[in-house]
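Novice: here is my input, please return the structure:
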Amino acid sequence: MTTQERTDLITVITNDHREVERVFTELESGSGTPQHRRDLADHVIAELVRHSVAEEQFMYPAARKHLPGGDELADHEIEEHAEAEQVMKQLEDVEPTDPQFDQLLRQLIEDVRHHVQDEENDLLPKLQSACSDQELRDLGEKVLRAKKMAPTRPHPGAPDKPPANLMLDPGAGLIDKVRDGLSGRKN
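Specialist: Okay, here's the model as predicted:
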């Protein structure tokens, strides 16, 4: 089975991380028109929001359930999500020609890279050790399904813990997709 076909939690999360890093690298190059950079920023924001929502719905509850100190780990990761979401919300409203665009983009990239490092060096290895292969496959498949229904825009005031996020995120996702279609925003 190739990495692309694997749907375990660890593979799904790390694949998302690699895709976001690829877009970050392109954004950091500074190449492309301002509109291309705006489109890339919108794309990475949508991916980060979907990824975060899915983690908050399934990965962090698994950490709380299976890991000693899981509540503290999950709370820390959710706090980092909230900080990045604030930056994403600000970035949405800034024109790509405004110097603040690059400043906010740098802050977002730095915050997300730190978060990815935390997850990949600490949380994911702990979950891999604590969960069975079947649990990891189930969680990975749930994350993939959640991402399809998740919002595509940051909602800093939205709930980030079950059960409220499980009920509200799909509705916000539908509204975001309608807004994306009406505005022509590409994800």
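Novice: tell me the buried residues in the host helix or strand of residue 16?
Specialist: Assigned by DSSP states H and E, residue 16 falls within helix 9-29. Residues of helix 9-29 classed as buried by neighbour count (16 or more other C-beta atoms under 10 Å): 9-17, 20, 23-24, 27. Any C-beta I mention is one placed from the backbone N, CA and C, and that applies to glycine too.
Novice: swap in stretch 101-113?
Specialist: 101, 102, 104, 105, 107, 108, 109, 111, 112.
Novice: just the CA trace of that stretch, in PDB.
Specialist: The C-alpha trace of stretch 101-113 is given here as PDB (Å, rounded to 0.1, in the frame of the first residue of the first chain):
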ATOM      1  CA  PHE A 101       0.000  40.900   3.700                       C
ATOM      2  CA  ASP A 102       3.600  39.600   3.700                       C
ATOM      3  CA  GLN A 103       4.000  40.400   7.400                       C
ATOM      4  CA  LEU A 104       0.900  38.400   8.300                       C
ATOM      5  CA  LEU A 105       1.900  35.600   5.900                       C
ATOM      6  CA  ARG A 106       5.300  35.300   7.600                       C
ATOM      7  CA  GLN A 107       3.600  35.200  11.000                       C
ATOM      8  CA  LEU A 108       1.200  32.500   9.800                       C
ATOM      9  CA  ILE A 109       3.900  30.400   8.300                       C
ATOM     10  CA  GLU A 110       6.000  30.700  11.400                       C
ATOM     11  CA  ASP A 111       3.100  29.800  13.700                       C
ATOM     12  CA  VAL A 112       2.000  26.800  11.600                       C
ATOM     13  CA  ARG A 113       5.500  25.400  11.200                       C
END
